[in-house]
Structures are given as C-alpha cells and as structure tokens.
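> All I have is the shape, not the residue letters:
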DNA sequence: TCAGCTACATCAAACACTTGATAGGCAACA
DNA sequence: TGTTGCCTATCAAGTGTTTGATGTAGCTGA
C-alpha cells in the first residue's frame, strides 16, 4: 500500500484555519449588513465614514489605501455620501486639486447611529467569547494581520 | 463639563475586533490571491474545487449555499472551470435537469497544486502563532461563526 | 528656470456578482 | 391521479468594483 499520494489533497484539517477565517468574516459582514440596512447604510459606508472620522481631512487616495479598495471605488462611495449630505469635500489648502474629506453634522449623526449597531455586535461577540478570550482573539487577529502583511510585500 | 456625548462615537477600541477580523481576512485573501495567481487560479476557483472534492456530486444550488454566494455566481464559476476542463457536469440519476458536479483528473491535479499553496500559507500562520495559539484561534473563530450565524437567523 | 518624476483625481470599459423573474421537473397530499 | 408546492437551473437587467488610461498639479534636481 504505497499509494499515500492517491489523495490529491490532505484532510481538511490544514485548511481549516483560513477557511474558518473566511467564514467568520463572511458571517460578520452579513450580520453587519443586516443590522445596518434599516439605517439606510451598508458596511462600506460605515467603514468610510469611520475612517474619515478617525482621520479628518483624508484624501480619496489615502482612504483607498486604508480600506483596501481602488481610488475609483472610493470616489463612487464618496459621491454617494456627498449626495446624502453626510460627507463634504474641501479643497486642500496647499494642493488645490486634492480634496480633503470631512464629515458633515448629518454624517456624524449617521455614524453615531451606525456605530451603536456595530458596537452592539461587537459586544455580543465579546460576551459570547468572554472578555479574556475576546482580548486574546483580537491579539491573535493582529498577529495574523502582521504575518500576512509581511509576507505579501 | 457634562459634554461626554460630544464625541459621536467612542474610541476605536470597541470596534477593534470586527475591524481586525475584516483586515485579517482581507490580508489573507490578498495573500492567497497573490500566490494562487501564478497557478492560473483565483481563491474563488479554489474554494469551489475544494468543496466539490470534499462533497462530490454537489449541485450548483447546494454549492451556492456552501460558498455563501448566489446560484448565478456559482453557475458562472462552474462554466469557467468546465471550459478549463477541471470540472464536469453530470446529470443527476433521479432528477434529470439537476446537474451533479465532479472533478476531472485535470481538476484534481490543479486542486492539488493549489492546495499545496494554501497549506503553506496556513502552515506559515500556524508557525507564527504557535500550535497552541493556532488551535485556540481556530476554536475562537468557530465560536464567532456560531454566534453570528445564530443571531442572523 | 525648466525638464522629469510622482501622486491625485477622474473618465471609460470590462468584469463579477446580485436582484428579479421565468421555466421545468419531482414529490407529497388531497 | 391530478394539483399544489418546492427546488433547480437559467435568462435578463442593475449595481458595484477593478483594470486601464488620461489630464493635471506640485515637488526635485540639473
């Protein structure tokens, strides 16, 4: 019986970690989407508003890097949020053709509501895992982020 | 100073867990994509082939549920993989208009190469975390999956 | 001062996926 | 033995994102 290589792939054990990571993120995204929708918002809008709130004056290009999407995708989102009156474009003081992004009052209000929803999901998960495990989980995620970032470059 | 609510959202601490989860998955996906591309494959193809390998005879609709996408998206992927000769449609013995999906030899070969790549990424992360932490990480991910699945329904 | 470089923004086309709607077949139940 | 209901597959249209390419403005070094 020397036909160990008959099986094209090993048991699913080795792939479980990445698979679980994908499933968890997929599920979390779906949940966020479900609970954000009644507020007329989608996760992508929330992420963008939150980024601008954290770093006011961000440009479209920088935002694209933060969110890991293309500048065009950001432009599309920004256009929509500007239409909704939640976001504001201001021209950069030094570079005229560059646009700084800032939240409007309506944007801050929308973000506040959305953040309450996100925080509640966060809280729900933290409660399920327990505080210690939640902290450990966050630390492990950070290490995974580091590892994949390093080996990508 | 009773203006604690001046800040629309709390510190980014409460949102760190979901944010980290998203970043980790995003990074992992990018890494998979980067290393799979030289093999002429994308993560979506890999997932599909792996699912069919694990459960031969899967139908398009069932596959859609496994992968959390719509049947149409699956049909599109399947069509491409059939063109590449890696996947085969067979009509279901009882239900004629239903198509079972099976890997071809070429598909098994492609999956084998791709799985080696994925396993190496998995191994790399496991090594970084350490075996104990990797196991704990997988367990925590499973719990998160459970939690979001339960609260979605 | 003036090339060359870099970075931002944006237009246009291609692509992938979703939502919505249609058709056909099997099965269970009256 | 119809007939209702569910599930599958697939077509068509709409949406969001990426890829590719263009124009423009500031920075840098000769």
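Nice, I can see it. This one's a predicted model, so the numbers in the text were calculated from it and none came from an experiment.
> Could you use CA atoms for every contact and neighbour count after this?
OK.
> so what does the strand or helix carrying residue A:51 touch, helix or strand wise?
For residue A:51, the element it lies in under DSSP states H and E is helix A:43-54. Judged by 3 or more Cα pairs under 8 Å, 6 or more residues apart in numbering or on different chains; DSSP states H and E, the packing partners of helix A:43-54 are helix A:16-36, helix A:60-67, helix A:71-83, strand A:99-103, helix A:105-129.
> Helix B:16-36 and the last one, what's the angle between them?
With axes from the mean of the first three to the mean of the last three Cα atoms, to 10 degrees as the basis, helix A:105-129 and helix B:16-36 are set at 90 degrees to each other.
> outside of helix A:105-129, which residues touch it?
Contacting residues not belonging to helix A:105-129 are listed as A:32, A:35-36, A:39, A:41, A:46, A:49-50, A:53, A:85-87, A:134, B:8-9, B:14-15, B:17-18, B:140, B:143-144, B:147-148 [Cα atoms under 8 Å, 6 or more residues apart in numbering or on different chains].
> Please, a ChimeraX command that selects the buried ones among these?
Here is the ChimeraX command that selects the buried residues among the contacts of helix A:105-129 (16 or more other Cα atoms under 10 Å in any protein chain shown):
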select /A:32,35,36,41,46,49,50,53,86,87,134 /B:8,9,14,15,17,18,140,143,144,147,148
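> and the gap between the most centrally placed residue in chain A and residue B:106?
Geometric centre of chain A, nearest residue: residue A:47, 5.5 Å, by Cα atoms, centre = their mean. Separation of residue A:47 from residue B:106 (Cα to Cα, to the nearest Å): 41 Å.
> Then residue A:141?
As judged by Cα to Cα, residue A:141 and residue B:106 stand 36 Å apart.
> More neighbours: the two, which one.
More neighbours surround residue A:141 than the other of residue A:141 and residue B:106, with 25 against 13 (other Cα atoms under 10 Å in any protein chain shown).
> which stretches of chain A have low pLDDT?
A:1-14 (pLDDT under 70).
> Pipe the helices and strands packed on helix A:43-54 into JSON lines and attach distance to residue B:28 per row.
Conversion of these to JSON lines gives the following (distance: least, Cα to Cα, whole Å):
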{"stretch": "helix A:16-36", "distance to residue B:28": "8"}
{"stretch": "helix A:60-67", "distance to residue B:28": "15"}
{"stretch": "helix A:71-83", "distance to residue B:28": "21"}
{"stretch": "strand A:99-103", "distance to residue B:28": "29"}
{"stretch": "helix A:105-129", "distance to residue B:28": "22"}
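> right, so of the ones you listed, which gets closest to residue B:100?
Among the helices and strands packed on helix A:43-54, helix A:16-36 comes nearest to residue B:100, with 23.6 Å by Cα to Cα.
> what comes into contact with the closest one?
Contacts for helix A:16-36 (Cα under 8 Å, 6+ apart): A:42-43, A:114, A:117-118, A:121, B:18, B:21-22, B:24-25, B:28, B:122, B:134, B:138, B:141-142, B:144-145, B:148-149, B:151-152.
> coming back round to it: got a list of what the residue nearest to the centre of chain A touches?
Taking Cα under 8 Å, 6+ apart, we find residue A:47 in contact with residue A:67.
> quick one: it from DNA strand D, how far?
As judged by Cα to the nearest atom of the strand, to the nearest Å, residue A:47 and DNA strand D stand 11 Å apart.
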